[in-house]
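predicted model follows, preceded by the sequence.
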Amino acid sequence: MEETLSSRIDEIEPTLIRHGYNERVIAEQFRYRPSEIRKLFSGGLEPNRAKEMTAEMREAGLPI
């Protein structure tokens, strides 16, 4: 079973996508730039900005 499951299954991007929040939806809802969201998903976003964005998403009730 471990060979079938993705090692990233519990990371932010797959979790949000399972709940219907893709990059475009998040960008529209929170008025973030799509490039910022891609960087957040890949772990390349500046740590303070990533913390700020995830806090805003949690406050809005997103499952992260």
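Thanks, I have it. Everything numeric here is computed off the predicted structure, so don't read it as measured data.

can I assume residue 40 is in contact with residue 50?
Yes. Residue 40 lies in contact with residue 50 (Cβ atoms under 8 Å); the separation is 5.6 Å. Glycine gets a C-beta too; all of them are placed from N, C-alpha and C.

who has more neighbours, these two?
Here residue 40 and residue 50 are set side by side on neighbour count (other Cβ atoms under 10 Å), and the busier one is residue 40, at 21 against 16.

and the helices in the protein?
Secondary structure of the chain, counting by DSSP state H: helices at 12-18, 23-30, 34-42, 47-59.

pLDDT weak spots in this structure?
Segments of the chain classed as low confidence (criterion: pLDDT under 70) are 1-10.

any idea how far stretch 32-41 is from the chain center?
On the basis of Cα atoms, centre = their mean, to the nearest Å, stretch 32-41 is displaced by 8 Å from the centre of the chain it belongs to.

what residues sit buried inside it?
Buried residues in stretch 32-41, counted by 16 or more other Cβ atoms under 10 Å: 32, 36-37, 39-41.

you'd agree residue 63 is up against residue 15?
Yes. Residue 63 is within contact range of residue 15, at 6.0 Å (criterion: Cβ under 8 Å).

these two: who's more crowded?
For residue 63 versus residue 15, the count of surrounding residues by other Cβ under 10 Å is larger for residue 15: 15 against 11.

give me the distance between the more buried one and residue 57.
Distance, residue 15 to residue 57, by Cβ to Cβ, to the nearest Å: 11 Å.

now residue 48
Residue 48 sits 15 Å away from residue 57 when distances are taken as Cβ to Cβ.

comparing the two, which residue is more hemmed in?
For residue 48 and residue 57, the more surrounded residue by other Cβ under 10 Å is residue 57, and the numbers stand at 20 against 8.

quick one: contacts for the residue nearest to residue 19 when sequence neighbours are not counted?
Excluding the flanking residues, the one nearest residue 19 by Cβ to Cβ, 6 or more residues apart in numbering is residue 63, at 5.2 Å. For residue 63, the contact set (Cβ atoms under 8 Å, 6 or more residues apart in numbering) comprises 15-16, 19.
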